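Visitor: show me how the following folds:
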Amino acid sequence: MVLLICMGKFSLNKLPQEQRIQMIGEFYDVIDCLRDRKEIRLFFKDLLTADEIATLMRRIEVAALLAADYTYEQIAQTLGVGRGKITNVQKSLSKSGDGYKIAIKRLLEKRKKRLKIQNKKENSRPFTFERLKQKYPLQFLLFNIIDEISEKLDGNKLQEKKALLSTPSRRPTNSTID
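Guide: This is a model prediction of the structure:
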């Protein structure tokens, strides 16, 4: 085993290829051995600063919007990121993007579940229109039928869009992206 003693900044490219592969592989193994969300949170909290974690998450948000065919202008307006960041993420997606695709799919699934739970909580409050429709289904039959039909026709797209845009770093704006 060759020991490299470098003065100054570490560079992965200065290592022999075998050591580079081993180092990257062990990093993946470290992440793979984490058992649950709590361990993952503790690890990344120690490994990265909050700003570094936010930077990584912003790249994932950009990738999600690019994958959903949002334009650079829409992404820049929604997230407040520059064209350079969007272009860099687009390059990664163009090369392969398989990692992004897996992460985006699972992230959107979690967001949809979270939104569904939030909607249930909001709809279970007394004296809301949704609560009244649930409590007195015959009196609100027409409304309930219309809701059901519209949910089946466009509900999945609407839910997907809400999940995409329920990002924590979304810029608050009066306009929406259609």
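Visitor: which helices and strands sit right next to the lengthiest helix in the chain?
Guide: The helix of greatest length in the chain, counted in residues with DSSP state H as the criterion, is given as helix 98-123. Contacts of helix 98-123 with other secondary structure elements, assessed using 3 or more C-beta pairs under 8 Å, 6 or more residues apart in numbering; DSSP states H and E, are made with helix 50-67, helix 83-95, helix 129-135, helix 156-165. From N, CA and C alone the C-beta is placed, and that goes for glycine too.
Visitor: alpha carbons of stretch 95-115, in PDB - could you do that?
Guide: Written as PDB, here are the backbone C-alpha positions of stretch 95-115 (Å, rounded to 0.1, in the frame of the first residue of the first chain):
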ATOM      1  CA  LYS A  95     -25.100  12.200 -18.400                       C
ATOM      2  CA  SER A  96     -27.200   9.600 -16.500                       C
ATOM      3  CA  GLY A  97     -29.200  11.100 -13.700                       C
ATOM      4  CA  ASP A  98     -30.100   7.700 -12.300                       C
ATOM      5  CA  GLY A  99     -29.200   8.600  -8.800                       C
ATOM      6  CA  TYR A 100     -31.200  11.800  -9.000                       C
ATOM      7  CA  LYS A 101     -34.200   9.900 -10.500                       C
ATOM      8  CA  ILE A 102     -34.300   7.400  -7.600                       C
ATOM      9  CA  ALA A 103     -33.900  10.200  -5.000                       C
ATOM     10  CA  ILE A 104     -36.600  12.400  -6.700                       C
ATOM     11  CA  LYS A 105     -39.000   9.500  -6.900                       C
ATOM     12  CA  ARG A 106     -38.700   8.700  -3.300                       C
ATOM     13  CA  LEU A 107     -38.700  12.300  -2.100                       C
ATOM     14  CA  LEU A 108     -41.900  13.000  -4.000                       C
ATOM     15  CA  GLU A 109     -43.500   9.900  -2.500                       C
ATOM     16  CA  LYS A 110     -42.600  11.100   1.000                       C
ATOM     17  CA  ARG A 111     -43.900  14.600   0.200                       C
ATOM     18  CA  LYS A 112     -47.200  13.200  -1.100                       C
ATOM     19  CA  LYS A 113     -47.700  11.200   2.100                       C
ATOM     20  CA  ARG A 114     -46.900  14.300   4.200                       C
ATOM     21  CA  LEU A 115     -49.300  16.400   2.200                       C
END
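Visitor: about what we covered before: would you turn the helices and strands packed on helix 98-123 into JSON lines with mean pLDDT?
Guide: As requested, these are exported to JSON lines (pLDDT from 0 to 100):
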{"stretch": "helix 50-67", "mean pLDDT": "95"}
{"stretch": "helix 83-95", "mean pLDDT": "95"}
{"stretch": "helix 129-135", "mean pLDDT": "81"}
{"stretch": "helix 156-165", "mean pLDDT": "81"}
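Visitor: right, I'll leave it there.
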